[in-house]
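Colleague: Provided below are the primary sequence and the corresponding predicted coordinates.
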Amino acid sequence: MKKQLINQIYKGAQGKESLVDLCIPENFNNKLIVFIHGFMGYKDWGSWNLFQDFYTSEGFGFCKYNVSHNGGTLENPIDFSDLEAFSKNNYSYELEDLQCVLNWVEKQFETLPEIYLIGHSRGGGIALLTASDSRIKKIATLAAISNIEKRFPEGKQLEVWKTQGTKYVLNSRTNQKMPNSYSQYEDFINHKDQLNIEQACLNSKVPTMVIHGDMDTSVDIEEGKEISTWLKTRLFEIEEAEHTFGATQPWLEKEMPEHLQKICAITHAFFHIDF
């Protein structure tokens with residue numbers, strides 16, 4: 001049932017349209033991976049397309065999407081031309097986006113395949129928060145965050161953000177000053193229980209593989225250790241790997257970086273184990 005849907009439109013949080021891909025190989029094994037990118041990321045960043053190619057060559061279906069408020073547009077999904085949407089993005093929106101994508105996926109099949117989530121960084125946190133969805137059979141996290149609250153400033157910096165309404169983060173790739181509205185923090189406060197990754201892990205019954213690079217300077221490996229402790233599962237440490245496991249944007253090589261190849265090998269084995 002080979003199927004290749006590229007840059008399809010789905011409606012995410014607040015009804016905002018964004019892009020989604022779905023690739024089903026001829027030798028489909030009835031296992032579908034849904035990939036969730038991280039902060040200031042998108043579905044085609046770096047070597048994620050090669051990552052997808054590995055899985056489809058092994059018989060897995062693969063779905064990846066742009067979160068609805070990541071700053072990209074339907075016409076320009078890479079260079080963050082919608083900074084107003086980016087400024088309003090929040091974790092609740094990204095949880096809703098994943099639900100919208102799962103619903104979109106469900107409509108593409110007469111019988112829903114087994115769904116596995118792979119989330120990178122912030123996307124890993126979103127995957128863990130979605131473990132209670134009965135459609136999810138397995139999860140793998142790559143450099144996942146363990147705590148949302150620590151992503152926000154504290155004390156005087158928080159007060160300044162509240163007073164000014166917006167703070168800015170530099171995107172070193174595009175050299176843009178990316179705006180973050182204080183409404184992001186307000187949303188977290190209003191949905192603190194739903195956005196508690198520790199509690200989601202403690203309640204989870206979904207087999208989960210936790211992977212982290214030991215040289216990650218963006219999300220410290222201690223966060224991976226916390227997640228694995230809560231889940232009572234092993235932490236797979238990738239030696240000398242940083243946050244993106246060797247990938248950069250753009251990625252012009254024909255093969256994935258070595259660390260991502262290693263991740264493909266161990267997640268592939270994990271997705272074939274029956275629990």
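Modeller: Arrived safely, thanks for sending.
Colleague: for the chain, what spans make up the strands?
Modeller: For the chain, applying DSSP state E gives strands covering 3-11, 17-24, 31-36, 61-65, 114-120, 136-142, 166-171, 176-181, 208-213, 235-238.
Colleague: wouldn't Gly59 be in contact with Asn27 here?
Modeller: Yes. If you go by Cβ atoms under 8 Å, Gly59 and Asn27 touch, sitting 4.7 Å apart. (Glycine included, C-beta is placed from N, CA and C.)
Colleague: neighbour count: the two, which is higher?
Modeller: Gly59 (14 against 11; other Cβ atoms under 10 Å).
Colleague: give the contact list for that one.
Modeller: By Cβ atoms under 8 Å, 6 or more residues apart in numbering, the contact set of Gly59 is 25, 27-29, 31.
Colleague: just the buried ones out of those, please.
Modeller: 25, 28, 31 (16 or more other Cβ atoms under 10 Å).
Colleague: what's near enough to touch Asn180?
Modeller: With contact taken as Cβ under 8 Å, 6+ apart, Asn180 is in contact with 86-87, 161, 166-169.
Colleague: quick one: which two of the residues you listed are the most distant?
Modeller: Phe86 and Trp161 (15.7 Å; Cβ to Cβ).
Colleague: one step back: JSON lines please, covering the strands of the chain and showing distance to Asn49 and mean pLDDT.
Modeller: Putting these into JSON lines (distance: least, Cβ to Cβ, whole Å; pLDDT from 0 to 100) gives the following:
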{"stretch": "strand 3-11", "distance to Asn49": "10", "mean pLDDT": "97"}
{"stretch": "strand 17-24", "distance to Asn49": "9", "mean pLDDT": "98"}
{"stretch": "strand 31-36", "distance to Asn49": "11", "mean pLDDT": "98"}
{"stretch": "strand 61-65", "distance to Asn49": "9", "mean pLDDT": "98"}
{"stretch": "strand 114-120", "distance to Asn49": "14", "mean pLDDT": "98"}
{"stretch": "strand 136-142", "distance to Asn49": "16", "mean pLDDT": "98"}
{"stretch": "strand 166-171", "distance to Asn49": "21", "mean pLDDT": "96"}
{"stretch": "strand 176-181", "distance to Asn49": "23", "mean pLDDT": "97"}
{"stretch": "strand 208-213", "distance to Asn49": "20", "mean pLDDT": "98"}
{"stretch": "strand 235-238", "distance to Asn49": "21", "mean pLDDT": "98"}
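Colleague: can you lay out these as a markdown table showing distance to Leu95?
Modeller: Shown next, in a markdown table, are these (distance: least, Cβ to Cβ, whole Å):
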| stretch | distance to Leu95 |
| --- | --- |
| strand 3-11 | 15 |
| strand 17-24 | 14 |
| strand 31-36 | 10 |
| strand 61-65 | 13 |
| strand 114-120 | 12 |
| strand 136-142 | 13 |
| strand 166-171 | 21 |
| strand 176-181 | 18 |
| strand 208-213 | 17 |
| strand 235-238 | 24 |
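Colleague: thinking Thr56 is in contact with Leu50, fair?
Modeller: No. The pair Thr56 / Leu50 is not scored as a contact, 10.8 Å apart, by Cβ under 8 Å.
Colleague: which one of the buried ones among the contacts of Gly59 is nearest to Ile126?
Modeller: Among these, and counting by Cβ to Cβ, the member closest to Ile126 is Lys31, at 20.2 Å.
Colleague: show me the beta-bridge partners of that closest one.
Modeller: In this entry, Lys31 is beta-bridged to Glu114, by DSSP bridges.
Colleague: gap between it and Ile115?
Modeller: 8 Å (Cβ to Cβ, to the nearest Å).
Colleague: do Ala247 as well
Modeller: Distance from Ala247 to Ile115, by Cβ to Cβ: 24 Å.
Colleague: Val34 too?
Modeller: Taking Cβ to Cβ, one finds Val34 at 6 Å from Ile115.
Colleague: find the residues that touch each one of those two.
Modeller: Common neighbours of Val34 and Ile115 (Cβ under 8 Å, 6+ apart) are 102, 105.
Colleague: looking at the two, which one has more neighbours?
Modeller: Val34 (24 against 21).
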